[in-house]
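Novice: Sequence and predicted structure below; questions after.
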Amino acid sequence: MSQDLPQHNDMPAASFAATARLLFRVLWQANPFFLLSVMLLTLLSGAVLPLTILLNAALLDLIVRSLTTPLAPSSIPGSALLLLFLLGGVIVGGQLVTRLQQSVKGLFQKKVSAFITLLIAEKASQLDLAFFENPTFHNRLSNATSEASYRPITILEQLLTLCSTLITAIWVGIFLLQWHWWIVLLVVAISALRYWLAARQGKAQVKLTQEQTPLQRTGVYVNSVLTFDLFAKELRLFGLAPFLLARYRALSERLYQGTRDHERRFLIVSLITEPMFMLTRPTLIAYTVLQVFQRAISVGQFSIYTQSIGQLDSGLFTIITTGAQLYENLLFLTNLATFLRYTPAVERPRPPSALPAGMNDIPPMLEFRDVSFSYPDAPKPVFDHLSFQIASGETVALVGKNGAGKTTLVKLLAGLYEPTGGQIFLNGVDIATLDRRELRTCFSVIFQDYALYHFSAADNIGFGQIDAISDQPRIERAAERSGFASVIQSFPEGYETVLGRFIERGQEISGGQRQLLALARALMRDAPVLILDEPGAALDIENESALFQRLLADRQERRQTIIFISHRFSTVQRANHILVLEEGHLIEEGSHEQLMLRHGRYAHLFAMQARSYGNMEDTAPRPAMKLAGAQGELSSKRS
């Protein structure tokens, strides 16, 4: 995947035709009944105006003829009553159609918005982890997500407006063609020029929006730092608000200047061309008035032609402006189409395969064989021909300075990335052949950046094995094993207590408590291999010691392989197999005793941390021993 990611992220945007196909597929799948209903109502509404023009003209001619014919006082001809009845029916029917159309469109918009939001979420959940570590992908995801709620239904409304207006324009065009064909040609020619100018503006607007997306995303992030609780403490402690506010103002000003320059360019063009466009209709109406005075047309025909000229001009203007907006919206919608074209490499579906049998009874043997790995665009590889084995049921510690590749190794083992070279085996089976979901049933993993879900404590633990989320006894056993059960006992609603305060006012928990919760989530899975990335980083020494005591006892009882990353050598020396990584290579491996006898890198690091503890103990007052020890461990961790 790491090799293919640039190709995915730099792939061309979806074609206009592909975007149009996507639009109609989405609209149809969202709700075909609403789509057909809106289209039918649009056809009906498009016929209302031409019928109104014809009935008005017929009524006007009848009135003019009646002025020259003596009638009995207050008498109205039957033909006039019929025309009035038909005109009233068309007007009322048109209003009912419009009202019904608004209701159906409103409901349809809800359906389409929800459908596309789920479509984006489903696609995002299927993509490789590497996608989410690339800014180009996030730009496209941001555009697709922000436009999902309104672009498609806006496009539908514009299409329907085009259809309705086009129907009206065709009718009034037919009326005018029967009189003077050159009037239609003149109005169409001017409208075509308008369309060309509007299309240029729409394309420029799309380009501007795409160019400004990184700035907008940066602005959203800076605003989140200013407003989210996660940053609130440091914001105040370090006095960051003035600096961040100044940066937000600068970003806003850059966005404003780009928009201002765009608007200024097209405003100048509009001020030059619009007066010419606006004079077309008054000139043609003046010509129609002259035809009446010359007795070339009747008053009723005057009504038909003047209204037709007005409707053709305004209708073509609506078609042009709506068409330009439609083109612009379709260009925006290519972000969604392009996003949906992303395909996973690591997370791709694989043929069903049988995992090695009996792993719940005997954990699998793991092997890295000549594994190399590089992140996309990274200057050097993380691993270069890395090879080692982990026997069934071992407790393995990964040791190395920051950036040595310890967390990346775990990601490779869990199938979140694929090696750029070499193979990883699970009981002799290359994990590249295993379906990712199938593979991950073998592992329970906690990374350093574990999540707190703003749901109940029971949900937070149950997420570790989603198909058992209703198994309350299993949830409680996982909490007991991790040590989080004692924390839950202090909650007002026990396991039903909501954690965090994003959705509703819930229970806040400390960093150490979050780590115990994350461990409970991993233990909920009860997989044959437990992988812990800095499991005691947020715990005090006493709780960390108790944690590992429980884990080692569980390992003996459950025959479980444990792999953990730690900078605390008091924890590392509990492992019976230690891997020392440096510069993408395995430089040492063995037990604590074996590595100490070699006087190599591990022994040097252990001695450094031991001296750190010793110095603290010699200089610090006795009552402060625990604090001093913690400070020494923090110092060694930073080193």
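Specialist: In hand now; what should we look at?

Novice: can we go C-alpha only for contacts and neighbour counts from here?
Specialist: Will do.

Novice: who does the host helix or strand of Q325 touch, helix- and strand-wise?
Specialist: Q325 is located in helix 299-340, with elements delineated by DSSP states H and E. Applying 3 or more CA pairs under 8 Å, 6 or more residues apart in numbering; DSSP states H and E, one finds that helix 299-340 contacts helix 16-30, helix 32-67, helix 135-148, helix 151-177, helix 181-227, helix 280-293.

Novice: C-terminal to that helix, what's the next element?
Specialist: By DSSP H and E, the next helix or strand past helix 299-340 is strand 366-373.

Novice: on contacts alone, who are the packing partners of that next one?
Specialist: Packed next to strand 366-373, using 3+ CA pairs under 8 Å, 6+ apart, are strand 383-390, strand 421-426.

Novice: what are the C-alpha coordinates of that strand, in CSV please?
Specialist: Only the C-alpha atoms of strand 366-373 are listed here, as CSV (Å, rounded to 0.1, in the frame of the first residue of the first chain):
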residue,chain,number,x,y,z
LEU,A,366,4.9,-15.2,14.6
GLU,A,367,7.7,-14.6,12.1
PHE,A,368,9.1,-11.5,10.3
ARG,A,369,11.1,-12.8,7.3
ASP,A,370,13.4,-10.3,5.6
VAL,A,371,10.7,-7.5,6.1
SER,A,372,11.3,-4.0,4.7
PHE,A,373,9.0,-1.1,5.0
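
Novice: buried stuff in it?
Specialist: Under the neighbour-count criterion of 16 or more other CA atoms under 10 Å, strand 366-373 has 366-373 buried.

Novice: Reformat the residues you listed as CSV; add pLDDT.
Specialist: Shown next, in CSV, are those (pLDDT from 0 to 100):
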residue, pLDDT
L366, 92
E367, 93
F368, 94
R369, 93
D370, 93
V371, 93
S372, 92
F373, 92
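
Novice: do you know how far the nearest residue to G494 once chain neighbours are set aside is from M524?
Specialist: Sequence neighbours aside, I488 is the residue nearest to G494 in space, at 5.5 Å (criterion: CA to CA, 6 or more residues apart in numbering). Using CA to CA, to the nearest Å, we find I488 at a distance of 16 Å from M524.

Novice: between these two, who's got more neighbours?
Specialist: Counted by other CA atoms under 10 Å, I488 and M524 do not tie: M524 has more neighbours, with 26 against 21.

Novice: which strands and helices sit next to the host helix or strand of that one?
Specialist: Take DSSP H and E as the rule and M524 turns out to sit in helix 511-525. Judged by 3+ CA pairs under 8 Å, 6+ apart, the packing partners of helix 511-525 are strand 443-446, helix 457-462, helix 472-482.

Novice: And those: which comes nearest W28?
Specialist: Ranking these by proximity to W28 (CA to CA) places helix 457-462 first, at 35.6 Å.

Novice: just the helices in the stretch 501-639 of the chain please.
Specialist: 511-525, 541-558, 569-572, 592-598, 601-619, 625-638 (DSSP state H, counting those that start in this stretch).

Novice: what residues go with each domain of the chain?
Specialist: The domain map for the chain lists 5-340, 366-638, with the assignment taken from automatic domain parsing.

Novice: ok, of those, where does mean pLDDT dip lowest?
Specialist: Mean pLDDT across the domains of the chain is lowest at domain 5-340; the value there is a mean of 74.

Novice: Could you give the separation of that one from the chain centroid?
Specialist: Here domain 5-340 is found 26 Å from its chain centre; the criterion is CA atoms, centre = their mean, to the nearest Å.

Novice: again, but for stretch 454-471
Specialist: 24 Å.

Novice: Now do it: everything it contacts.
Specialist: With contacts defined as CA atoms under 8 Å, 6 or more residues apart in numbering, stretch 454-471 is touched by 444, 452-453, 472, 474-475, 478-479, 488, 494-503, 517-518, 520-525.

Novice: For the buried residues of strand 366-373, which two are the farthest from each other?
Specialist: Based on CA to CA, the longest span within the buried residues of strand 366-373 runs between L366 and F373 and measures 17.5 Å.

Novice: Next up, the contacts around the residue nearest to G494.
Specialist: Per CA under 8 Å, 6+ apart, neighbours of I488: 457, 494-495.

Novice: for R559, same thing?
Specialist: 361-363, 393, 528.

Novice: still on that earlier bit, how about TSV for the helices and strands packed on strand 366-373, with distance to Q257 and mean neighbour count added?
Specialist: Output for the helices and strands packed on strand 366-373, formatted as TSV (distance: least, CA to CA, whole Å; neighbours: other CA atoms under 10 Å):
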stretch	distance to Q257	mean neighbour count
strand 383-390	46	18
strand 421-426	48	19
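
Novice: Columns distance to S545 on top of these, output as JSON lines?
Specialist: Formatted as JSON lines, the helices and strands packed on strand 366-373 follow (distance: least, CA to CA, whole Å):
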{"stretch": "strand 383-390", "distance to S545": "24"}
{"stretch": "strand 421-426", "distance to S545": "30"}
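
Novice: now for the ones you listed, which one comes closest to T52?
Specialist: strand 421-426 (74.2 Å).

Novice: Report how many residues lie close to V382.
Specialist: 21.

Novice: how close does it sit to P135?
Specialist: From V382 to P135 the distance is 21 Å (CA to CA).

Novice: Any idea how many residues pack against Q472?
Specialist: Neighbours of Q472 (other CA under 10 Å): 15.
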